[in-house]
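Novice: Got a predicted model here, sequence first, then my questions.
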Amino acid sequence: MDIIPCIKWVQRGIAKSIPDKVKLSEEELKRIIEDTKDKIDLANDEDDDQEEEEEEGSDMEEEVNAVNKSNAAKSGGKRKMDDDDDEEEDIETKYDLADYDNEDEIDMLKGIGDLTYFASNEDDPYVTMKDEGDSDDEDFEIKATDNLIVVAKAEKEFCCLEVYVYNEDLGNLYVHHDILLSSFPLAVEWLNYDIGEDKPGNFVAVGSMEPVIEIWDLDLVDSVEPVAVLGTKAKSKGKKQKKSDSHTDAVLNLSWNAQVRNVLGSASADCTVKLWDLSEGKPVTTITQHKDKVQCLSWCPSDSSSLLSGSFDKTVKMYDCRNPNKDFKSWTLNGEVENVLWDRFNTTNFYATTDKGYVFYMDQRSDKPVFTLSAHSEAVTGICQSSSVPGLLVTTSTDKTMKIWDVQDNKPSTVLERNLRLNQLFCVDSCPEAPFVFAVGGEKEIKVWDIRESATVRNHFADRAPVGVTMEGEGDIKEEVEQAMRDMMIDKEEEEDVNTLLGEGATAGAPTNKKKKKKKRKKGQKKD
């Protein structure tokens, strides 16, 4: 299944206006090809071992068939078999069937990502058009008014990060570049920290099915490997593995501490939370308070030592990271915890969502929820607040709906419910500078939606819009009208059944086309 498991916005003005491009030397390219070949050979060896086991059972049957064929062959039959063998040899020689299986293996290494086998297009016999300059220079440049959106995408054939450019003023949305990943992505987190240089940067950390965290430079295009990898991967079966401080299972979530910029938190399926020192590239603390997979975590925006985590063990825990394994508090919810989110407008409180479709709003000073919201019929997979509109909360779910809530004064109410036609929804994030713009990930694609397109939303939040943000609308926006038409559409056969039930004399709204035609025919008959 092709899905968008996670999304992250990047603030305006962070990215380089002209990103760098990777230029590999012959030696570097050769090393990458050799590394890739080794990985492929290792995978093939494992497949061969499995095939050998499966073929052992059929070896005896083949030997018996060979003996039977030999005993049954007569002189005429033997001559015919010899002729057939000669014919088969001729076909093999003519079409080079002996080397047929080797062609794919050789060609597979000729191209890696955006890199081609030839150093220049002039050397490539298949490139016949001359290079007349890059017509996409304008799209390649990132303007000060552009946001980046990092979108993790998992398909059957490959996994990647797509880096989108979004411009609210121009309404632009396009893929600027992509990054090929080696494993299924489960979490992305933006970092304003350059590992090893202790200065601001534009990086993204990626958690995946592997027990490591890859860190990629978003200002570098055509990169084929991360700038850093936190942790080590497990070795092949049968080989001894040294004791490591790394995770031993998939990394399910990541959270960067914006106040202590060299600290990154990771949640794992190995039931632990780790705190990484990015300047050293290693974990400094391991938290072991959960009894099941740790699904989510979040640093408090106002207290650099407070960290939330949520787990499959149905608990949310808050730690004082100066001594997290002793100084923590725990809450038990009604299901596996999907998300935790600090309230940006009241940082003593936080939200937690579960696989049962509930949203819990908690006060860290209390044992009971401030309110509990039955938000969806299935798991609440995504939750986020507007960047600057108090009370505006958005949730997404595997029930295929996105909902907009007003939770002002702790009295939650539904403002809008919308099926975005993305099938199941897996994540949502809000634009840092545009308070009504949200990105949603579902099956196969994303949707960036300015919710002011809805007249209901405009009218409801008009008095809370930040200064300078317009809430004017031109009547019913096209998308809202189309949605209403879809909701009200009646099948033609169903419409005819209703008309039959009501009879010709019934008045249920405007007369149908069928009735109008009958009236016209009667008038014609009178005139005749």
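Specialist: It's in. Residues are numbered from 1 along each chain as shown.

Novice: What segments of the stretch 201-350 of the chain are strands?
Specialist: 203-208, 213-217, 220-221, 228-230, 251-256, 263-268, 273-277, 282-287, 294-299, 306-311, 315-320, 328-332, 337-342, 349-354 (DSSP state E, counting those that start in this stretch).

Novice: could you say what helices and strands the second one packs with?
Specialist: Secondary-structure packing of strand 213-217 (3 or more C-beta pairs under 8 Å, 6 or more residues apart in numbering; DSSP states H and E): strand 203-208, strand 228-230. Heads up, the C-betas are built off the backbone N, CA and C, glycines and all.

Novice: To G281, which of those strands lies closest?
Specialist: Closest to G281 of these, according to C-beta to C-beta: strand 228-230, at 6.1 Å.

Novice: Tell me which residues are up against that closest one.
Specialist: Contact with strand 228-230 is made by 195-196, 205, 212-215, 246, 264, 266, 276, 281-283, as judged by C-beta atoms under 8 Å, 6 or more residues apart in numbering.

Novice: Show the low-confidence segments of the stretch 201-350 of the chain, by residue range.
Specialist: Of all residues in the stretch 201-350 of the chain, those with pLDDT under 70 make up the ranges 234-244.

Novice: Distance to L373 and mean neighbour count added to the strands of the stretch 201-350 of the chain, as CSV?
Specialist: CSV is the format used below for the strands of the stretch 201-350 of the chain (distance: least, C-beta to C-beta, whole Å; neighbours: other C-beta atoms under 10 Å):
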stretch, distance to L373, mean neighbour count
strand 203-208, 28, 25
strand 213-217, 33, 23
strand 220-221, 42, 18
strand 228-230, 36, 19
strand 251-256, 22, 24
strand 263-268, 24, 26
strand 273-277, 26, 22
strand 282-287, 28, 17
strand 294-299, 18, 24
strand 306-311, 16, 25
strand 315-320, 15, 21
strand 328-332, 16, 15
strand 337-342, 13, 24
strand 349-354, 9, 23
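
Novice: could I get those strands as TSV with distance to E472?
Specialist: Shown next, in TSV, are the strands of the stretch 201-350 of the chain (distance: least, C-beta to C-beta, whole Å):
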stretch	distance to E472
strand 203-208	36
strand 213-217	40
strand 220-221	38
strand 228-230	47
strand 251-256	37
strand 263-268	42
strand 273-277	46
strand 282-287	49
strand 294-299	35
strand 306-311	38
strand 315-320	41
strand 328-332	43
strand 337-342	31
strand 349-354	31
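
Novice: Out of those, flag the one nearest E27.
Specialist: strand 220-221 (19.2 Å).

Novice: Give me the contacts around the closest one.
Specialist: Outside strand 220-221, the residues that touch it by C-beta under 8 Å, 6+ apart are 19-22, 176-177, 227.

Novice: In strands, which of those fall?
Specialist: The members of those that map onto strands under DSSP state E are 20-21, 176-177.

Novice: Quick check on those: which are buried?
Specialist: Neighbour-count burial (16 or more other C-beta atoms under 10 Å) applied to the ones in strands among the contacts of strand 220-221 gives 176-177.

Novice: of all the ones in strands among the contacts of strand 220-221, which two lie farthest apart?
Specialist: Pairwise distances among those were taken by C-beta to C-beta; the largest, 13.1 Å, belongs to D20 and H176.

Novice: quick one: low-confidence ranges for the chain?
Specialist: Filtered on pLDDT under 70, the chain yields the residue ranges 1, 24-26, 28-30, 32-33, 35-136, 234-244, 473-528.

Novice: how about the helices in it?
Specialist: Using DSSP state H, the helices of the chain run over residues 26-72, 75-95, 100-108, 137-140, 455-461, 478-488, 492-502, 513-527.

Novice: I figured S182 hits V212, correct?
Specialist: No. Applying C-beta atoms under 8 Å as the test, S182 and V212 come out as separate, 9.8 Å apart.

Novice: Neighbour count for these two, which is higher?
Specialist: V212 (21 against 15; other C-beta atoms under 10 Å).

Novice: Might you report the residue contacts of the more buried one?
Specialist: Applying C-beta under 8 Å, 6+ apart, the residues near V212 are 229-233, 246-247, 251.
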